[in-house]
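> only geometry, no sequence info:
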């Protein structure tokens, strides 16, 4: 019985570049990619600390020998020291130019799911694949037990029926489901966050079996100018709908927005096992990495450690800042000026 904790980074070529709103810059540039490498360093440093018995894997299209040095941090040496496996392969599911201007590399996760199926035989194996801007701050033993109990765990995102979810609404999803299945689901489907994938091997295989025809249909809909699944989130939402039986993971993870312009932080979020903090890629996570590389960060007891981590990330309240610019960005004056 093996528990897999993983994340991924796909390095876009100039021809593959697209938009990533929280980071800015063009996605093929090293300055852009550096932000994600820092997230990966923090992801594994924290996860290995709280889950030392789990197997950790990084998926990428970059050979391990070419992992970069980022602001003096040798990523390859760091990951080797943490016993993180680096698995490299190209992307099969690349959207064509013009398909959607954002997040073109997100279908890389389906290559990862294929790797899971091809390289693991034990049906008791359970997999967690997270976005790299997730902070694991607790043992995931309970989550893995829930994965084995339910087969699949999903993260519902509470969007309204008419909310524009990056070019698609839940009503649009219903119409697409109806065309895919030949029947109306009878409700506007729930959107499940693509930042969190948690499943047993049998359910990974089900996803892999169902996905290729959906991909082909989306490519045809693109050619015909129809509404489609733009990236992995709505695609996985449909596949979960098809699976039908799953558990929900709100007890373990939340998409937590921590910016001065929009915050959904609640005091109870502090107790979640995984903090997904998209707005912290260039700030709180960078600050956390600065502390981690000192080599003494994880020497304190876990209660004090997690409290300090929360202070860097604004969960539930920000107590530390990366620099004066970061501090000013989190003042009410900045909020007023930027209206």
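Received, thanks. The shown structure was predicted, so the numbers you read here are calculated from the model rather than taken from an experiment.

> Could you look up the SS state of residue 204?
The three-state label given to residue 204 by DSSP: H, G, I helix; E, B strand; the rest coil is helix.

> Can you get me a residue count around it?
23 (other Cβ atoms under 10 Å). Placement of C-beta: from N, CA and C, glycine included.

> Please, which helix or strand holds the closest residue to it other than its chain neighbours?
Nearest non-adjacent residue to residue 204, counting by Cβ to Cβ, 6 or more residues apart in numbering: residue 116, 4.8 Å away. Using DSSP states H and E, residue 116 falls within helix 108-119.

> Need the contact partners of that helix.
4, 6, 8, 10, 59, 61, 87, 89-93, 125, 127, 129, 194, 197, 201, 204-205, 207-208, 211, 215, 232 (Cβ atoms under 8 Å, 6 or more residues apart in numbering).

> Give me the subset of the residues you listed that lies in strands.
Using DSSP state E, the members of the contacts of helix 108-119 that fall within strands are 4, 6, 8, 59, 87, 127, 129, 197.

> Now tabulate these in TSV and tack on neighbour count and pLDDT.
Below are the ones in strands among the contacts of helix 108-119 laid out as TSV (neighbours: other Cβ atoms under 10 Å; pLDDT from 0 to 100):
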residue	neighbour count	pLDDT
4	18	99
6	24	99
8	22	99
59	21	99
87	14	99
127	24	99
129	22	99
197	27	99
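
> just those residues now: which is nearest residue 290?
Taking Cβ to Cβ as the measure, residue 290 sits nearest to residue 8 out of those, at 23.7 Å.

> Dig out what that closest one forms beta bridges with.
Going by DSSP bridges, residue 8 is paired in beta bridges with residue 59.

> Was I right to think it contacts residue 134?
No: under the criterion of Cβ atoms under 8 Å, residue 8 is not in contact with residue 134, lying 11.6 Å apart.

> Residue 235: how many residues sit nearby?
24.

> Tell me who's in contact with it.
107, 194, 211, 214, 218, 229.

> again, 10 Å this time
Shown in contact with residue 235 (Cβ atoms under 10 Å, 6 or more residues apart in numbering): 93, 106-107, 109-110, 194, 207, 210-211, 214-215, 218, 228-229.

> got it, and residue 317?
265, 267, 270, 310-311.

> how about the strands in the stretch 1-150 of the chain?
With DSSP state E, counting those that start in this stretch as the criterion, the stretch 1-150 of the chain has strands at 3-9, 55-60, 69-70, 73-74, 85-88, 126-130, 134-136.

> Can you list the helices and strands that the fifth one packs against?
Helices and strands touching strand 85-88, by 3 or more Cβ pairs under 10 Å, 6 or more residues apart in numbering; DSSP states H and E, are strand 3-9, strand 55-60, helix 75-81, helix 108-119.
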